[in-house]
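Asks: what's the 3D shape of this:
(one chain, ligands or ions: 1)
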Amino acid sequence: MKLVIAATGASGAIYLQRLLAQIDCAAHEVHLVMSAPAKEVAKQELDDFKVPSNVSQHSENDMNVPFVSGSARFDAMVIVPCSMATLGRIASGSSDSALLRAADVFLKERRKLILVPRETPWNLIHARNVVTLLEAGAIVLPAIPSFYSRPGSVTAVVDTVVWRILDQIGLPSAHTYRWGEKSVSTKRKKN
Ligand SMILES: Cc1cc2nc3c(=O)[nH]c(=O)nc-3n(C[C@H](O)[C@H](O)[C@H](O)COP(=O)(O)O)c2cc1C
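Replies: Numbering: from 1, shown residues only. Down below sits the predicted model:
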């Protein structure tokens, strides 16, 4: 698969870290774009943020990348975490950076665009922007974890969201907890 993974300045750099860790970046072509605020938030939230060596990293303003053109074939773009600022810019049709242009291209080409916003509470502008993006064909997958798998660590909580992202990309994880398929120990375990 050919994937674009972008990160913006919402809280939740760990979602990006866990997603990169669970994609086989040697088997797939993975391009990463991080906004300047995303890099700052990652520094604030993580001690050891490392990008896998086989991921191609690009500046958010470098338009000399294949995924800003509809002529290049890509399978999916994920923005994780997605700030409400970026979500609003995409909803407004802004293409002022490689990150925004790529999102715009994925929508116009009817390719999979998965946005993972992390904000609470929402104002009406956030809600309206989300509706606009849903109408335009985006998948809005908020960073809202689930607890029915009894996650016993922060990483395990984060993975309940990451598994849903992987499902949407079409690269399901063998570790995904799926309701009705596995029994859950009622005793909380540290993983
Ligand atoms: C520590 C920190 C945490 C933030 N958390 C969020 C957040 O959870 N959600 C959000 O939408 N914006 C959050 N922001 C605000 C964004 O970083 C800010 O709107 C920024 O301009 C987004 O730019 P970008 O979308 O180009 O990355 C946070 C900012 C900081 C400094």
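
Asks: which parts of the top helix by length along the chain are buried?
Replies: In the chain, taking DSSP state H as the definition, the longest helix is helix 154-169. Neighbour-count burial for helix 154-169, counted by 16 or more other C-beta atoms under 10 Å, picks out 156, 158-166, 168-169. C-beta here means a position set from N, CA and C on the backbone, and glycine is covered the same way.

Asks: Could you dump these into a markdown table with distance to the ligand and pLDDT added?
Replies: Formatted as a markdown table, these follow (distance: C-beta to the nearest ligand atom, whole Å; pLDDT from 0 to 100):
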| residue | distance to the ligand | pLDDT |
| --- | --- | --- |
| A156 | 21 | 97 |
| V158 | 14 | 98 |
| D159 | 19 | 98 |
| T160 | 18 | 98 |
| V161 | 14 | 98 |
| V162 | 17 | 98 |
| W163 | 21 | 98 |
| R164 | 18 | 98 |
| I165 | 17 | 98 |
| L166 | 22 | 98 |
| Q168 | 20 | 98 |
| I169 | 21 | 98 |
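
Asks: didn't S59 look like it was pressed against A98?
Replies: Yes - at 7.2 Å, S59 counts as touching A98 under the criterion of C-beta atoms under 8 Å.

Asks: residues contacting the one residue in the chain that gets nearest to the ligand?
Replies: Residue nearest to the ligand within the chain (C-beta to the nearest ligand atom): G9, separated by 2.6 Å. Shown in contact with G9 (C-beta atoms under 8 Å, 6 or more residues apart in numbering): 35-38, 40-41, 83, 85-86.

Asks: count of neighbours near A36?
Replies: 12 (other C-beta atoms under 10 Å).

Asks: That one contacts K43, doesn't it?
Replies: No - using C-beta under 8 Å, A36 is not in contact with K43; the gap is 11.2 Å.

Asks: mind checking pLDDT for the most centrally placed residue in the chain?
Replies: Nearest residue to the geometric centre of the chain (C-alpha atoms, centre = their mean): V80, 2.7 Å. Confidence at V80, expressed as pLDDT, is 98.
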